[in-house]
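Enquirer: sequence first, predicted model second:
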Amino acid sequence: MKKRNLVLLIAAGIALLGSVLYLLLDRGDRTFSWLAFGLALAGTVITLLPLKTGLAFAPILPTALYAAAFGLVLRVALPSLSDVWNGVNFIGGNAVLGMTFAGAYLICGVLGCVACFMNGDADPS
């Protein structure tokens with residue numbers, strides 16, 4: 001298996017785990033966006049494109065979706081984090097859970113960026 005594909009599969013696994021946790025844990029909070037969940041899940045599914053085709057530009061597609069999911073989760077979670085910083089419960093929500101989702105999707109985006117710059121060969125020769 002090519003190193004690039006392995007890195008993409010790890011990112012897809014993290015995104016899938018984050019998406020499943022989103023489904024399980026957002027029931028009690030409802031302050032997160034379903035669009036972020038959908039973007040991360042779409043990134044997981046579209047990871048099959050670089051794995052099957054081997055096109056050099058293909059890893060950028062799931063990476064862009066992971067980055068968009070990260071940005072959206074961060075945008076939605078920052079008001080809850082602001083409540084924690086200010087010590088006032090104005091907006092509500094779970095800031096820790098929001099930062100956890102943002103961190104998971106950030107890791108996926110970084111791994112996707114790493115995969116974009118890998119040559120895809122199993123041997124360094």
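Expert: It's in.
Enquirer: looking at the protein, which helix or strand does the model trust least?
Expert: helix 48-53 (a mean of 86; mean pLDDT, DSSP states H and E).
Enquirer: which residues does it contact?
Expert: When contacts are taken as Cβ atoms under 8 Å, 6 or more residues apart in numbering, the neighbours of helix 48-53 outside the stretch itself are 4, 5, 8, 9, 55, 58, 59, 61, 62, 115. All C-beta spots, glycine's among them, are computed from the backbone N, C-alpha and C.
Enquirer: got the buried residues for the following helix or strand past it?
Expert: Toward the C-terminus, helix 48-53 is succeeded by helix 60-86 as the next helix or strand (DSSP states H and E). Taking 16 or more other Cβ atoms under 10 Å as the neighbour-count basis, helix 60-86 is seen to contain the buried residues 60-74, 76-78, 80-81, 83.
Enquirer: avg pLDDT for the following helix or strand past helix 60-86?
Expert: Once helix 60-86 ends, the next helix or strand along the chain (criterion: DSSP H and E) is helix 95-116. Averaged across helix 95-116, pLDDT comes to 91.
Enquirer: again with stretch 24-37
Expert: pLDDT averaged over stretch 24-37 gives 73.
Enquirer: what about it, start to end distance?
Expert: One end of stretch 24-37 sits 12 Å from the other (Cα to Cα, to the nearest Å).
Enquirer: again with stretch 85-96
Expert: 12 Å.
Enquirer: quick check, central residue of the protein?
Expert: Of all residues in the chain, the one closest to the mean position by Cα atoms, centre = their mean is residue 105, 2.4 Å from it.
Enquirer: now for that residue: which residues touch it?
Expert: Residue 105 sits next to 15, 18, 36, 40, 66, 67, 69, 70, 73 when contact means Cβ under 8 Å, 6+ apart.
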